[in-house]
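**Q** sharing a sequence plus its predicted fold:
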Amino acid sequence: MPITPATAPNSSSNGTTQQILLELVDETGRTIGTAEKLSAHQAPGQLHRAFSVFLFDEHGRLLLQRRALGKYHSPGVWSNTCCGHPYPGEAPFTAAARRTHEELGVSPSLLAEAGTVRYNHPDPASGLVEQEFNHLFVGLVQSPLRPDPEEVGETVFVTAAELTERHARDTFSAWFMTVLDSARPAIRELTGPVGGW
């Protein structure tokens, strides 16, 4: 049975933290087991399932988030709207919608699959490694954001030109350009040619 948010291992009744498990996959994305979240990210990294979400407003602007300073991995850097890992047995689409609501307090008005990408990105600051088989999603957001401050430090909507300027001056997650470039065909289909994506 898939693990749901209600049954996911977070904390036990006595207050101790339990381990969070990620789904390990092979190069084709087939599930081959599980691993504890932190150990899966320690060098050289274990290939695991992940997702990345790109949400746009009605003007074709991309919603970026700056990761909260308290996050164990890539704190304080800018990245795509939302990213994370499905629970073992949880569908990537379900995980993407769930995590977007948990982090940003909003449900996308549209969310569509945009392919997958496999990458290996070490994080020089922490020494952790993103060895991921990433499911990409694009969509629309039309409701006011209510970010969880433990997850999100700041949000901003940007045009393609504004993203280029911001990317040149600010620090972004190691995986950001890889997932953005892989999602561009679906983004262009969503936003149209005028968006410049």
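**A** That came in fine, so what should we check first?
**Q** beta partners for the spatially most central residue of the chain?
**A** Residue closest to the average C-alpha location in the chain (C-alpha atoms, centre = their mean): residue 83, at 0.8 Å. Note on residue 83: beta-bridge partners by DSSP bridges are residue 52.
**Q** please identify the buried residues of the lengthiest helix in the chain?
**A** In the chain, assigned by DSSP state H, the helix with the most residues is helix 176-191. Residues of helix 176-191 classed as buried by neighbour count (16 or more other C-beta atoms under 10 Å): 176, 178, 179, 180, 182, 183, 184, 186, 187, 190, 191. Using the backbone N, CA and C atoms, a C-beta is placed for each residue, glycine as well.
**Q** now swap in stretch 51-70 and tell me
**A** Taking 16+ other C-beta under 10 Å as the criterion, stretch 51-70 shows 51-56, 60-68 as buried.
**Q** just the strands in the chain please.
**A** Listed in chain order, the strands of the chain (DSSP state E) span 21-25, 31-36, 48-56, 62-67, 78-79, 82-84, 110-122, 129-140, 152-158.
**Q** tell me which of the ones you listed lies nearest to residue 170.
**A** Residue 170 lies closest to strand 78-79 among these, at 5.4 Å (C-beta to C-beta).
**Q** any idea of the mean pLDDT in the closest one?
**A** Strand 78-79 shows a mean pLDDT of 97.
**Q** number of nearby residues for residue 193?
**A** For residue 193, the tally of surrounding residues (other C-beta atoms under 10 Å) stands at 7.
**Q** related to what we said a few turns ago, next, format the buried residues of helix 176-191 as JSON lines and append distance to residue 150 and pLDDT.
**A** Shown next, in JSON lines, are these (distance: C-beta to C-beta, whole Å; pLDDT from 0 to 100):
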{"residue": "176", "distance to residue 150": "21", "pLDDT": "96"}
{"residue": "178", "distance to residue 150": "26", "pLDDT": "97"}
{"residue": "179", "distance to residue 150": "23", "pLDDT": "97"}
{"residue": "180", "distance to residue 150": "25", "pLDDT": "98"}
{"residue": "182", "distance to residue 150": "28", "pLDDT": "98"}
{"residue": "183", "distance to residue 150": "26", "pLDDT": "97"}
{"residue": "184", "distance to residue 150": "31", "pLDDT": "96"}
{"residue": "186", "distance to residue 150": "30", "pLDDT": "96"}
{"residue": "187", "distance to residue 150": "28", "pLDDT": "96"}
{"residue": "190", "distance to residue 150": "30", "pLDDT": "94"}
{"residue": "191", "distance to residue 150": "31", "pLDDT": "92"}
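**Q** what's the closest of those residues to residue 93?
**A** residue 186 (13.7 Å).
**Q** contacts only, for the closest residue to that closest one other than its chain neighbours.
**A** Nearest residue to residue 186, sequence neighbours excluded (C-beta to C-beta, 6 or more residues apart in numbering): residue 114, at 3.4 Å. Contacts for residue 114 (C-beta atoms under 8 Å, 6 or more residues apart in numbering) come out as 54, 136, 137, 138, 182, 183, 185, 186, 187.
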